[in-house]
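In: The following block contains a protein sequence and its predicted model.
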Amino acid sequence: MTTGLWDRETFVENFRAIGERAYHDKHPFHIAMNAGRLSAEALRGWVANRFYYQQNIPIKDAAILSNCPVREVRQVWIHRVIDHDGSAVAEGGIEAWLCLGEACGLSRDEMMQDRHLQPGVRFAVDAYVNFARTQLWPIAVASSLTELFAPDLMTARLAAFEKFYPRIDSRGLDYFRQRTSQARRDSDEALAIALKYCNTPELQREAVRALEFKCDVLWSMLNAIHHAYAGNC
Ligand code: AHQ
């Protein structure tokens, strides 16, 4: 039996409960990273594999744009593509992530050619892009709400890199610095859109399930990376 429409507070609380339970800040690989226990090779493996995720974020967001008939929503959402792809006047997150890789000892070529890409990372990321292409656009927007929980993780990660991994040039960490504020803005925007357009009991429950799915995407990526590079940490 479908229960009634959640009020705003209940809807938001249901999103937050998913993060509390399933966000990847609790994954053993991130715990080890933030405790300074990762080897240089494990860090390189994580950066190289996350690059595949970063490259696909603007493709995912362009898929949402292509499915969205609401001009006001597209006007809000479109900056996400430029945030990562960059533009003629400013580099974006993909370039910043390549700089992070070079600071960890990876070459641009081996990242661009996905030389280290683990099957489990490829399949999780491709599932996320496919989700954005095939789901109702408000549901795909809701799947990005893992970013509600990203700023705290970014802050902890930046502190850990500066404290435990001093051989990584600090300029390589600019992605995490810019992401902390970008994630806050992104999640504020995505939450406002999800609350407004997931406006039936069924859409609200699908939106919460979309966030659970996205938490599984991020968790599966780290499972594959953990298995490949840091099974003993
Ligand atoms: O660097 C990240 C990023 O650009 C994005 C886009 C967003 C989305 O649209 O799904 N999610 C996301 C995330 C990024 N970094 C992850 C991390 O742990 O470094 C966290 C991830 C997220 O929380 O969804």
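Out: Okay, I see it. Numbering: from 1, shown residues only.

In: Just the CA coordinates for stretch 158-177, please, in PDB.
Out: Extracted in PDB, the C-alpha atoms of stretch 158-177 (Å, rounded to 0.1, in the frame of the first residue of the first chain):
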ATOM      1  CA  LEU A 158      42.400  17.200   2.300                       C
ATOM      2  CA  ALA A 159      43.700  17.300   5.900                       C
ATOM      3  CA  ALA A 160      44.800  13.600   5.600                       C
ATOM      4  CA  PHE A 161      46.700  14.200   2.300                       C
ATOM      5  CA  GLU A 162      48.500  17.200   3.800                       C
ATOM      6  CA  LYS A 163      49.300  15.400   7.000                       C
ATOM      7  CA  PHE A 164      50.100  11.800   5.800                       C
ATOM      8  CA  TYR A 165      51.100  12.100   2.200                       C
ATOM      9  CA  PRO A 166      53.500  15.100   2.000                       C
ATOM     10  CA  ARG A 167      55.200  13.700  -1.100                       C
ATOM     11  CA  ILE A 168      52.200  14.600  -3.100                       C
ATOM     12  CA  ASP A 169      52.700  18.200  -4.200                       C
ATOM     13  CA  SER A 170      50.100  20.400  -2.500                       C
ATOM     14  CA  ARG A 171      49.100  22.000  -5.800                       C
ATOM     15  CA  GLY A 172      47.800  18.500  -6.800                       C
ATOM     16  CA  LEU A 173      45.200  18.800  -4.100                       C
ATOM     17  CA  ASP A 174      43.400  21.800  -5.600                       C
ATOM     18  CA  TYR A 175      40.600  19.600  -6.800                       C
ATOM     19  CA  PHE A 176      39.600  18.800  -3.300                       C
ATOM     20  CA  ARG A 177      39.900  22.400  -2.200                       C
END
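
In: what pLDDT, on average, does that stretch get?
Out: Here stretch 158-177 scores 96 as its mean pLDDT.

In: same deal with stretch 131-144?
Out: Mean predicted lDDT for stretch 131-144 stands at 98.

In: residues of it that come out buried?
Out: Neighbour counts over stretch 131-144 (16 or more other CB atoms under 10 Å) mark 131-132, 135-144 as buried. C-beta: built from backbone N, CA, C; applies to glycine.

In: Stretch 163-175 too?
Out: Those would be 165, 168, 172-175, for stretch 163-175 by 16+ other CB under 10 Å.

In: what does this protein put close to the ligand?
Out: Within the chain, the positions near the ligand by CB under 6 Å from any ligand atom are 57, 93, 144, 146-147, 150, 153, 179.

In: what's the spacing between Gln204 and the ligand?
Out: 19 Å (CB to the nearest ligand atom, to the nearest Å).

In: ok, now Leu98?
Out: For Leu98 relative to the ligand (CB to the nearest ligand atom), the value is 14 Å.

In: Please verify my assumption that Leu98 contacts Met111.
Out: Yes: Leu98 sits in contact with Met111 when judged by CB atoms under 8 Å, with a separation of 6.1 Å.

In: Common neighbours of those two, please.
Out: Counting by CB atoms under 8 Å, 6 or more residues apart in numbering, the common neighbours of Leu98 and Met111 are Phe51.

In: So those two - more neighbours on which side?
Out: Met111 (26 against 22; other CB atoms under 10 Å).

In: Out of the residues of the chain next to the ligand, give me the one that has the most neighbours.
Out: Among the residues of the chain next to the ligand, Ser144 has the most neighbours (other CB under 10 Å), with 27 neighbours.

In: Tell me the secondary structure at that residue.
Out: helix (DSSP: H, G, I helix; E, B strand; the rest coil).

In: Alright, calling it a day.
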